[in-house]
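Undergrad: fold the following, please.
(chains A and B)
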Amino acid sequence: GIQVEQSPPDLILQEGANSTLRCNFSDSVNNLQWFHQNPWGQLINLFYIPSGTKQNGRLSATTVATERYSLLYISSSQTTDSGVYFCAVTGNQFYFGTGTSLTVIP
Amino acid sequence: ETGVTQTPRHLVMGMTNKKSLKCEQHLGHNAMYWYKQSAKKPLELMFVYNFKEQTENNSVPSRFSPECPNSSHLFLHLHTLQPEDSALYLCASSQEGLASDSPLHFGNGTRLTVT
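TA: As a prediction, the model looks like this:
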């Protein structure tokens, strides 16, 4: 299967700081998604981004498919951004990384 | 997101009990999935249904039994579980099945504790 590695595994930010989360994958993929899992367990779609760049408010994502990585940018972080961010890719099934656990402190 | 609804949100059951998890999607999707999320592990795909037909069963023990009566509903029947089965069980749906380019949409999950 496809290996998905996310970094860093844990991240603590002061409110208002910016951050970059990375997702590396080991093979060509049809699909790449970023999810945010809140402290209650809900997984929320952030981006569907097999290639290119997308922005949604304070969040943006870039996928460079030819180099097999994707980046998630969080600007002006807020405490509600806390949770775990997952990257998932598809080959013959969806493969998830182990996530980046983000804590934003006031 | 409210497109995928899971019930119950929390479930505590003994090892001899039989219970069922329910998932309903209101997105008009054709594929539905069960995932297991244990602490500090990647999400594990358990079952996939595409157009009501099971297309994947990732070596899941028989104490977990899925049922997909139609494209909008998915059940996971549980019996004689073990404490190590305690986890967050997540249902998801997508327009098409695996190897497609349609995004996944998740429910809120059922937090299962086996005592």
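
Undergrad: helices and strands of chain A: which one bottoms out on pLDDT?
TA: strand A:94-96 (a mean of 87; mean pLDDT, DSSP states H and E).

Undergrad: ok, that strand: who's next to it in the sheet?
TA: strand A:83-90 (antiparallel) (DSSP bridges).

Undergrad: show me how far the partner strand is from its chain's centre.
TA: Chain-centre distance of strand A:83-90: 5 Å, with CA atoms, centre = their mean, to the nearest Å.

Undergrad: mind exporting the C-alpha coordinates of that strand to PDB?
TA: Taking Å, rounded to 0.1, in the frame of the first residue of the first chain, the C-alpha atoms of strand A:83-90 are listed here in PDB:
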ATOM      1  CA  GLY A  83      -7.100  19.000  17.100                       C
ATOM      2  CA  VAL A  84      -5.500  16.400  14.800                       C
ATOM      3  CA  TYR A  85      -4.900  17.100  11.200                       C
ATOM      4  CA  PHE A  86      -5.000  14.100   8.800                       C
ATOM      5  CA  CYS A  87      -3.800  13.700   5.300                       C
ATOM      6  CA  ALA A  88      -5.400  10.900   3.200                       C
ATOM      7  CA  VAL A  89      -4.600   9.700  -0.200                       C
ATOM      8  CA  THR A  90      -6.100   7.200  -2.600                       C
END
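
Undergrad: contacting residues around it?
TA: A:2, A:4, A:6, A:21, A:23, A:25, A:29-39, A:43, A:46, A:70, A:72, A:94-97, A:99-102, B:43, B:98-101, B:104 (CB atoms under 8 Å, 6 or more residues apart in numbering or on different chains). Yep, even glycine has a C-beta here, placed from its N, CA and C like the rest.

Undergrad: of the residues you listed, buried ones?
TA: Those of the contacts of strand A:83-90 that meet the buried threshold are A:2, A:4, A:6, A:21, A:23, A:25, A:29, A:31-37, A:43, A:46, A:70, A:72, A:94-97, A:99-102, B:43, B:98, B:104, by 16 or more other CB atoms under 10 Å in any protein chain shown.

Undergrad: where do the helices of chain B begin and end?
TA: Counting by DSSP state H, chain B forms no helices at all.
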